[in-house]
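**Q** pasted the sequence and its predicted model underneath.
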Amino acid sequence: MRVGELAGRLGLNPKTLRYWEQVGVLPEPPRDSSGYRDYTEDHLRICEFILKAKSIGLSLKEIRDILEMTLSGEPPCACVREKIKRRIEDIDRLIDSLRAERKRLEELLGSSFGQDGSSICPIIDSLELK
């Protein structure tokens, strides 16, 4: 199948598939006699895997590593478990950071500032630059 058909079946832009080839996540397909890429059902299966892995937050590099492990005959599930654990840790850090930011904003809303004309906005002017 051609790039447009594969992209259509996946709901992607054909440029995405070409990019995945460029960065080594999607194996380059053979070309037909006219020089067009000729994608197979295996390419479709790999693309579906990439989309599923991206949906849980894995990077293209991580996905490439997993696919390379599979191609070398090494079962990737232990590696995937570690990547998922790290992703959970990243999410926990982000949640903590967002909670702290929310608290800071709530405190800002609770503060009383008068508009005396000496600043653009006393609420924002009260903030410290990081």
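**A** Great, that's in hand.
**Q** mind listing what Pro30 touches?
**A** 37-38 (Cβ atoms under 8 Å, 6 or more residues apart in numbering). Yep, even glycine has a C-beta here, placed from its N, CA and C like the rest.
**Q** and it, how far is that from Glu128?
**A** 59 Å (Cβ to Cβ, to the nearest Å).
**Q** can you check Arg31 too?
**A** Applying Cβ to Cβ to Arg31 and Glu128 gives a distance of 59 Å.
**Q** Thr40 too?
**A** Taking Cβ to Cβ, one finds Thr40 at 58 Å from Glu128.
**Q** the more surrounded of these two?
**A** Thr40 (13 against 4; other Cβ atoms under 10 Å).
**Q** with adjacent residues omitted, what lies nearest to the more buried one?
**A** Pro29 (6.7 Å; Cβ to Cβ, 6 or more residues apart in numbering).
**Q** got a pLDDT number for the one you found?
**A** Per-residue pLDDT puts Pro29 at 94.
**Q** and Gly4, by the same measure?
**A** 94.
**Q** mind listing what it touches?
**A** Per Cβ under 8 Å, 6+ apart, neighbours of Gly4: Pro14.
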